[in-house]
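*Asks:* Here is a sequence together with a model predicted from it:
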Amino acid sequence: MTLTDKFGRRIADLRISITDHCNYKCVYCRTGNEGALYGDLPFADYLRMARVLVGMGITKVRLTGGEPLLRKGVVDFVRELAKFRPSNGHAEPIDIALTTNGHLLADLAQPLKNAGLTRVTVSMDAVDPDRFARITRVPNGYDHVLAGIRASRRAGLWPVKVNCVLMRGFNEDQIIPFGMFAREEGVIVRFIEFMPLEEDRTWSPAIVVTLDEILQRMAEYRPLVEIPHARSETARRYHFDDGIGEIGIIAPVSHPFCGHCSRIRITSDGKIRTCLFSVWDHDLHGLMKRGASDDELADFIRDVVQKKEERHHIGEPDFVPASRTMVHIGG
């Protein structure tokens, strides 16, 4: 089975937010307020949703938040997810990835790998401890995150990706240091253009550090050579001219990739979102609570996927901000 939207895009990637709690307050995301807005569901409910979607053609599941490692029982949850097999009849399990701020990762990397986690992405917006603390508003977090990255490499959670959201005036001077970091630590560093998904709603085009600027700045250190990538990949990929170190750039503002989007999301409270910038939620969990069968859930999902937006409208006069901010959607 395959799940396809009305624009002919195959939906194969599912992102599940298992909490909208977070122990960091990054300036490009949070206002600094404590707590969550929507809350979490029992893992059994996420498992049922994932099982139905895997049966409809999903082959990749990424766990997000908030900070997913705050959930007790996350290792057992991964172990149950790893039992699912794609609907194409292959014996291999689905691909399970995790996006985390890395603060709790050092002790969990090996147990997660043993449970069936395939890959990990760590959010890290500076390679300078003081700058890191300024951005995250968490003192002494840098050493925890670095330890988590290194533990993930040792555990074989490959490739280890490190995501950096660039904001002019905060961390654009970290581009070259991150290039060095990618080479020294053996990780893939990915720069992300700042998107209008923050709680403070202060986004403007002037704050965005674009793909072209990133390439220009990195060339002052070493030239980058582009690597071919699948059309559905969000990142444009590059390696350095000597083959040591990989850089990715996710550029939804300056170089949108909506035409090949293969993703849908489930929020921590069980709503389907067809795009980061959707202004609607689709209440899958509400349907479950009313006693819907798996077939009825599948019919609902197919109908929702047909409503998937053709593209976002960032920077255009008719742009309407998403109905939720990033921490309450799931990265």
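*Replies:* Thanks, I have it.
*Asks:* helices or strands up against the longest helix anywhere in the chain?
*Replies:* Ranked by number of residues, the top helix in the chain under DSSP state H is helix 141-155. For helix 141-155, the packing partners by 3 or more CB pairs under 8 Å, 6 or more residues apart in numbering; DSSP states H and E come out as helix 109-115, strand 119-123, helix 129-136, strand 160-166, helix 175-185. (C-beta placed from N, C-alpha, C; glycine too.)
*Asks:* Among these, which comes closest to Lys60?
*Replies:* Nearest of the helices and strands packed on helix 141-155 to Lys60, taken as CB to CB: strand 119-123 at 9.6 Å.
*Asks:* what helices or strands is the closest one leaning on?
*Replies:* By 3+ CB pairs under 8 Å, 6+ apart, strand 119-123 packs against strand 95-100, helix 141-155, strand 160-166.
*Asks:* On the C-terminal side of the helix or strand encompassing Arg190, identify the next helix or strand.
*Replies:* Per DSSP states H and E, Arg190 falls inside strand 188-193. Next helix or strand after strand 188-193 toward the C-terminus (DSSP H and E): helix 211-219.
*Asks:* now what about whatever helix or strand comes next after that next one, what contacts it?
*Replies:* Counting by DSSP H and E, the next helix or strand C-terminal to helix 211-219 is strand 224-227. Residues outside strand 224-227 that contact it (CB atoms under 8 Å, 6 or more residues apart in numbering): Leu215, Met218, Arg236, Arg237, Tyr238, His239, Phe240, Asp241, Glu246, Ile247.
*Asks:* for the helices and strands packed on helix 141-155, which one sits closest to Leu69?
*Replies:* Among these, helix 109-115 sits nearest to Leu69 (CB to CB), with 8.7 Å.
*Asks:* Buried residues, the closest one. List them.
*Replies:* For helix 109-115, the neighbour count (16 or more other CB atoms under 10 Å) marks Ala109, Gln110, Leu112, Lys113, Ala115 as buried.
*Asks:* ok so, going back, which among the helices and strands packed on helix 141-155 is found nearest to Arg222?
*Replies:* Using CB to CB, these put helix 175-185 closest to Arg222, at 6.9 Å.
*Asks:* Out of the helices and strands packed on strand 119-123, which gets nearest to Ile329?
*Replies:* Across these, closest to Ile329 is strand 95-100 (CB to CB), at 12.0 Å.
*Asks:* contacting residues for the residue lying farthest from the centre of the chain?
*Replies:* Relative to the centre of the chain, the most outlying C-alpha is that of Gly291, 30.7 Å out, by CA atoms, centre = their mean. Listed by CB under 8 Å, 6+ apart, the contact set of Gly291 is empty.
*Asks:* That one sits in which helix or strand?
*Replies:* Using DSSP H and E, no helix or strand contains Gly291.
*Asks:* ok, it to Leu297 distance?
*Replies:* 11 Å (CB to CB, to the nearest Å).
*Asks:* and if you look at Pro93?
*Replies:* In terms of CB to CB, Pro93 sits 22 Å off from Leu297.
*Asks:* How about Met218?
*Replies:* Where Leu297 is concerned, Met218 sits at a distance of 45 Å (CB to CB).
*Asks:* can you pull out the helices in the stretch 201-331 of the chain?
*Replies:* Applying DSSP state H, counting those that start in this stretch to the stretch 201-331 of the chain gives helices spanning 211-219, 284-289, 294-305.
*Asks:* follow-up on the earlier one: which of the contacts of strand 224-227 are buried? Put it as a ChimeraX command.
*Replies:* One line in ChimeraX is enough to select the buried members of the contacts of strand 224-227, burial here meaning 16+ other CB under 10 Å:
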select :215,218,236,237,238,239,240,246,247
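*Asks:* Point out where the chain drops to low pLDDT.
*Replies:* 31-36, 89-91, 197-201, 313 (pLDDT under 70).
*Asks:* same thing but at 50, please
*Replies:* Applying pLDDT under 50 to the chain flags no residue at all.
*Asks:* Confirm for me that Lys271 is in contact with Leu284.
*Replies:* Yes: counting by CB atoms under 8 Å, Leu284 is a contact partner of Lys271 at 6.7 Å.
*Asks:* Number of residues surrounding Tyr142?
*Replies:* Using other CB atoms under 10 Å, Tyr142 is surrounded by 21 other residues.
*Asks:* looking at it, it is touching Ala133, isn't it?
*Replies:* Yes: proximity of Tyr142 to Ala133 meets the contact threshold set by CB under 8 Å, at 7.0 Å.
*Asks:* still on that earlier bit, right, and the pair among the contacts of strand 224-227 with maximum separation?
*Replies:* Among the contacts of strand 224-227, Arg236 and Asp241 lie farthest apart (CB to CB), at 16.5 Å.
*Asks:* wait, doesn't Pro196 sit right on Pro321?
*Replies:* Yes: counting by CB under 8 Å, Pro196 sits close enough to Pro321 to count as a contact (5.8 Å).
*Asks:* These two: which is more packed in?
*Replies:* Remark: of Pro196 and Pro321, Pro196 carries more neighbours, 22 against 14, as counted by other CB under 10 Å.
*Asks:* which one is the more buried one nearest to, not counting chain neighbours?
*Replies:* Trp203 (3.6 Å; CB to CB, 6 or more residues apart in numbering).
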